[in-house]
Structure formats: structure tokens, C-alpha cells
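Engineer: Let me see the structure of the following:
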Amino acid sequence: MTRRARLDRMTTWKLPAPSSDVFFAACRWARLASILSVSTVALYGCQSALEQSYQPSVGPSSNPQIVDEVQKNDPRAAMGAREHPRIVASYGGEYKDAKTERLVARIAGALTAVSENPSQSYRITILNSPAINAFALPGGYLYVTRGLLALANDASEVAAVLSHEMGHVTANHGIERQKREEAEVIASRVVAEVLSSDIAGKQALARGKLRLAAFSRQQELQADVIGVRMLGEAGYDPYAASRFLDSMAGYSRFMSVDPDADQSLDFLSSHPNSGQRIELARGHARAFGQEGKVGDTGRGYYLDGIDGLLYGDSPEEGYVRGQTFLHGGLGIRFDVPPDFKIDNKVEAVMATGPGDIAIRFDGVADNQTQSLTNYISSGWVTGLDPSTIRQITVNGMEAATARASADRWDFDVTVVRNNAQIFRFLTAVPKGSAALQSTADVLRSSFRRMTPAEAASLKPLRVRVLTVQPGDNITTLAARMMGTDRKLDLFKLINALPTGASVAPGDRVKIISE
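Structural biologist: As a prediction, this is how the structure comes out:
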């Protein structure tokens, strides 16, 4: 599952009322394992020329050459600019952190200096998403998610990612792909018109664009060659490409333990990976020297640059903590039954449980012009049984509930009014399941306003860089991880520690904590 929820700024929501498709989608989502086409990244980086102690003796230009000026007559840049807002919106916006932005700019700047086309300008955007992805659009638009930065262990690995994507740009792979975009433009327009401001529509458009971002195998291999060359010539460890491909393979295995994991917006869904490709990357790197004896990894300054990096859900989207969803900005929280798993998806908060039970939670702006019983019967619930509509209260808040049936599913619909929002719970079970009542009761009884103290105590998870102390070992360090019940596995993954590895005093490692 992706980990996005758009519950911030709910007063501005204009989501169309869900039809039965919403219910069916929730149930299909509960039952179907998502496609885990886990590919890995051939991404390459370099030592920055900014490390030198050169002191300029001239002042800044009164007419500096800026990216906008360089790109203004470039038709490829116009293509990228057209799609840029959609990509950013579908990934939760830009991640703004001066330290992390400087880190990525340092890596990208060094790569640009050894690019096959040094006149090509690049716009690097860090996407505010825990998904692990990097991709390019025509005209030099490069994207990397904060999720990928959290997985990487040194600057050379991120440089490997960026140089691979730069390879696509300099080889004009995006232009070669343009005909495919033209073939999809009608479908994209239909999605835009039907779903307009719906968040699901934005994601559907993004998925189409990412399909277009998927290059042919030959283009991927060509970008690998270009990327490894840039990596080595920039002074970084040329073996970082194959090393990060290994890390991505480990990420694939970690995610595949969860059959409901949706990585459709992850790097792995659009970049093919294979053992052969990893070996080819190592083969290209050997042109620069023996593994472990050539190039700089940039690990020290990289760890400094990502210390404190936001991990997982952002505060604007609320938090999943075990069986509980909490949103400090909206001031609400609720629990799901035991054995259910919650996930922040782009279009809503979703939860699934045993027996094909699915829960969807979302919200819409409340115009306060109608009662909640009238709202439930206003036509957005297909298969509604009007005789079941009841006005109730949920922990002091006005609410209403009803039942519906469609195809092979039974539904409980519960709506709750709080301030200027109407929150909606949709619970779906296979027709005739006795679990409908008990599941909906848990949601209703646990949904409540948060106290100011509770809201203030919520803190996001972040990447924290620690120095190993005497007496520390992998087990004790992993025990300090938060936000997962697979602490040891995730600790090894984000630190690229193979089975049997150990740590020593003075080593620096990443953990996830508040």
C-alpha cells in the first residue's frame, strides 16, 4: 500500500460523492495483492567541486544565467514544465529542508560537470513522499523522493540514482517516448474531466505519466552505462550503482512480505531489475578500478545531510500508530479492530482485516445546509436501504448511519460532523458476513476529538544518525526503532547490513525514531 492520505485542509476538499465503485475498489484492494514489480535504481553521483577551498576574486554577475533563462526556448523543457505540477501534487508536494536540499544540489552539481551535455540544465525536486522513487521528465526535470534518500547510505548511491536519470535526459529517451504520450493524451483528458479535483484523479494522471516514464530495457541499460561513467568521472565510488541496486532488491523483499503493499508509485514499478543488470553495472565500474579501492562514497557528509529527514507519514497527512489513525491538524483519531492494518493512501485512509473486510475513511467540506440523514440519502451511496438510516451521536458529535448492499457486498455507512467537516466511514464485508456490525461499532466508538495535549504530543518519525557506542550491537540498536513491528529487518535494510554483519564502536548508523 502507498502511505498517503489527503486529509489536510479538508475545508477545501471537493471530492465527488463516492459511488459503488468506491466500495468495490475498497474490497478489491482488500483482496488483491498489488503488483510488486520491484526494479532497482541505477543511480550515480560524484565529488563536488565545491569542496575545494577556492576563493573567487570577482563579484556575482549583475545578469546571472538562471535555469528559466536557459530553458525558455527548449521545447523539451516545456514538456517537463507542463507535467511538473501534476507529478509534485501526486507525491504530496515538495519536501522543503535546506540541509537536505543543499546535499542533493551538491551531488547533482558535481554530476552536471561531467555530463555528456554540460549545457543541459537540471531542476532537482525532492518529493515529500515516503515512496522510494526517482525519475526524469524531458528538459532536465529530475525527481527524487525523501523515501529514497532515507534508504540510501551514502552520497555515491544517490549520485548513482541521479546520474542514471540524467542519462535518460542526455540520451533524449524522453523525446523517443513522446509518441507514447500522444497515444495516452485522450485517456488522460477523460480522467481529468471525470475526476477533476478528486485526489484519486490526480493519482490516476500520475500513474499514466509514470507509465510514460518507464523506458525500454535497452534505454535503461544505456542509461546505466552513462550513469556509471558519470559516477566514476565525478569522483564517486563507481560501484555505488550495483550496491544500491542490491539495496533496492532488499527493499523489494522487505515489502513483499506484505501482500497488500502497493508500490505502483515506487521506483520499482518503472525500473526493471535483475541480477544480470547488477553484474553489468559492476562490469562497467571495473573500468575505473578495483571495488573498494576507487572513488569516494561521501558517506560522512551524506549522513550529516539526512540526519533528521522526515520518514513515513508527514504531519499534514496524519499518522498511523499500530491500530490507530491520528490527525493532529484535524484533531481527530480512531481505532480499527485487532488484526487490521491501516494505511494512508492517496485518496483516503484505508484498512483491511481478516475475511475480506475493508474500511475506507475520508472527509468532505461541510456546508451545514442539510442534516446528516439527508446527506446520507442524497444519492452518493449506491444500494442504500433508506429504512436503515438512523441519526446518532458519536462521542458527542452529530452523526448518522445506514446500511447498503451491492453485488456481493454489504456496507455500513457512518458520517460524523465535526466543525466544518463531514467525516465518512465506509465498511465493506462479503454479503451476509456477521462482522459488519462489530467492525463498524469499533470505528464509531473509537472516533473522537483529540485533546490539545494529545495533538501537541504527536511527533513525526525521522531518520536519526547515531554513533555506535561500546556495548551496542545490531539487536540493541534495532530495538530503538519506531514505527514498525519489524524493527530488526528495517534496521538492517536502511543500513544495508547483510546477514551476519556486525557494528563496531565509532560506526555511524541510521535508526527511525521521533
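Engineer: count of residues packed around the nearest residue to H327 once chain neighbours are set aside?
Structural biologist: Residue nearest to H327 in three dimensions, not counting chain neighbours: G318, with 3.5 Å by C-beta to C-beta, 6 or more residues apart in numbering. Where C-beta positions appear, they are placed from N, C-alpha and C, glycine not excepted. Neighbourhood size, G318 [other C-beta atoms under 10 Å]: 24.
Engineer: any idea how far G318 is from G363?
Structural biologist: In this view, G318 and G363 are 11 Å apart by C-beta to C-beta, to the nearest Å.
Engineer: How about P386?
Structural biologist: 24 Å.
Engineer: Could you do A406 as well?
Structural biologist: Distance from A406 to G363, by C-beta to C-beta: 22 Å.
Engineer: need the strands for the stretch 301-450 of the chain, in chain order.
Structural biologist: For the stretch 301-450 of the chain, applying DSSP state E, counting those that start in this stretch gives strands covering 310-311, 319-321, 324-327, 332-335, 341-344, 349-353, 357-365, 390-394, 397-406, 409-418, 421-430, 448-449.
Engineer: Show me the one of those strands that comes nearest K459.
Structural biologist: Relative to K459, the nearest member of the strands of the stretch 301-450 of the chain by C-beta to C-beta is strand 319-321, separated by 8.8 Å.
Engineer: Buried residues in the closest one, which are they?
Structural biologist: Buried residues in strand 319-321, counted by 16 or more other C-beta atoms under 10 Å: Y319, V320.
Engineer: again with stretch 310-324
Structural biologist: L310, Y311, G312, D313, S314, E316, E317, G318, Y319, V320, Q323.
Engineer: so how far does that stretch reach from one end to the other?
Structural biologist: 20 Å (C-alpha to C-alpha, to the nearest Å).
Engineer: right, and A399 touches I392 too?
Structural biologist: Yes - the pair A399 / I392 is scored as a contact, 5.0 Å apart, by C-beta atoms under 8 Å.
Engineer: Do I have it right that G432 meets D410?
Structural biologist: Yes - using C-beta under 8 Å, G432 and D410 qualify as a contacting pair, with a distance of 7.1 Å.
Engineer: Could you work out the end-to-end span of stretch 147-165 for me?
Structural biologist: 17 Å.
Engineer: Give me the pLDDT for A434.
Structural biologist: pLDDT for A434: 91.
Engineer: give me phi/psi at it?
Structural biologist: Here is the backbone geometry of A434 (degrees, to the nearest 10): phi -80, psi -10.
Engineer: element containing the residue nearest to the spatial centre of the chain?
Structural biologist: Most central in the chain under C-alpha atoms, centre = their mean is A131, positioned 2.6 Å from the mean C-alpha point. Per DSSP states H and E: A131 is located in neither a helix nor a strand.
Engineer: just checking, it touches T145?
Structural biologist: Yes - counting by C-beta under 8 Å, T145 is a contact partner of A131 at 5.3 Å.
Engineer: shared neighbours, the two?
Structural biologist: Contact criterion C-beta atoms under 8 Å, 6 or more residues apart in numbering; residues shared by A131 and T145: Y91.
Engineer: and P460, what is it in contact with?
Structural biologist: L310, Y311, G312, D313, S314, P315, Y319, E514.
Engineer: go with 10 Å
Structural biologist: L310, Y311, G312, D313, S314, P315, E316, E317, Y319, G328, G483, E514 (C-beta atoms under 10 Å, 6 or more residues apart in numbering).
Engineer: Nearest residue to V225 in space, please, no chain neighbours.
Structural biologist: Per C-beta to C-beta, 6+ apart, closest to V225 is H284, 5.9 Å.
Engineer: so that neighbour sits in a helix?
Structural biologist: Yes - checked against DSSP: H, G, I helix; E, B strand; the rest coil, H284 lies within a helix.
Engineer: Surely it and A240 touch.
Structural biologist: No - applying C-beta atoms under 10 Å, one finds H284 not in contact with A240, separated by 11.8 Å.
Engineer: Looking at the two, which has the bigger crowd around it?
Structural biologist: Between H284 and A240, A240 has the larger neighbour count (other C-beta under 10 Å), namely 34 against 23.
Engineer: correct me, but the more buried one touches S156?
Structural biologist: Yes - here A240 lies in contact with S156, judged by C-beta under 10 Å, at a distance of 3.6 Å.
Engineer: Relative to S377, which of the buried residues of stretch 310-324 is nearest.
Structural biologist: Nearest to S377 among the buried residues of stretch 310-324: G318, at 29.0 Å, using C-beta to C-beta.
Engineer: which residues does the residue nearest to F447 when sequence neighbours are not counted form a beta bridge with?
Structural biologist: In this structure, F447 finds its nearest non-sequential neighbour in F334, 4.1 Å apart by C-beta to C-beta, 6+ apart. F334 forms beta bridges with F325, as assigned by DSSP bridges.
Engineer: For S457, the count of nearby residues, please.
Structural biologist: Going by other C-beta under 10 Å, the residues that sit close to S457 add up to 12.
Engineer: so how many other residues sit close to the residue nearest to Q370 when sequence neighbours are not counted?
Structural biologist: Sequence neighbours aside, S378 is the residue nearest to Q370 in space, at 7.3 Å (criterion: C-beta to C-beta, 6+ apart). Counted with other C-beta under 10 Å, residues neighbouring S378 total 11.
Engineer: E316 and G329 touch, don't they?
Structural biologist: Yes - when contacts are counted by C-beta under 10 Å, E316 is listed as touching G329 (6.5 Å).
Engineer: Kindly state the pLDDT recorded for S34?
Structural biologist: Model confidence at S34, given as pLDDT, is 28.
Engineer: Okay, now the unreliable bits of the chain?
Structural biologist: Along the chain, segments meeting pLDDT under 70 span 1-78, 118, 171-223, 256-275, 346.
Engineer: pull the CA atoms of stretch 488-501 into CSV?
Structural biologist: Output of stretch 488-501 as CSV, limited to C-alpha atoms (Å, rounded to 0.1, in the frame of the first residue of the first chain):
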residue,chain,number,x,y,z
LEU,A,488,15.5,-5.6,13.1
ASP,A,489,14.6,-6.2,9.5
LEU,A,490,14.1,-2.5,8.8
PHE,A,491,17.2,-1.5,10.7
LYS,A,492,19.3,-3.9,8.6
LEU,A,493,17.6,-2.7,5.4
ILE,A,494,18.2,1.0,5.8
ASN,A,495,21.8,0.4,6.9
ALA,A,496,22.5,-2.1,4.1
LEU,A,497,23.7,-4.7,6.7
PRO,A,498,23.8,-8.3,5.3
THR,A,499,23.1,-11.4,7.3
GLY,A,500,25.9,-11.9,9.8
ALA,A,501,27.1,-8.3,9.7
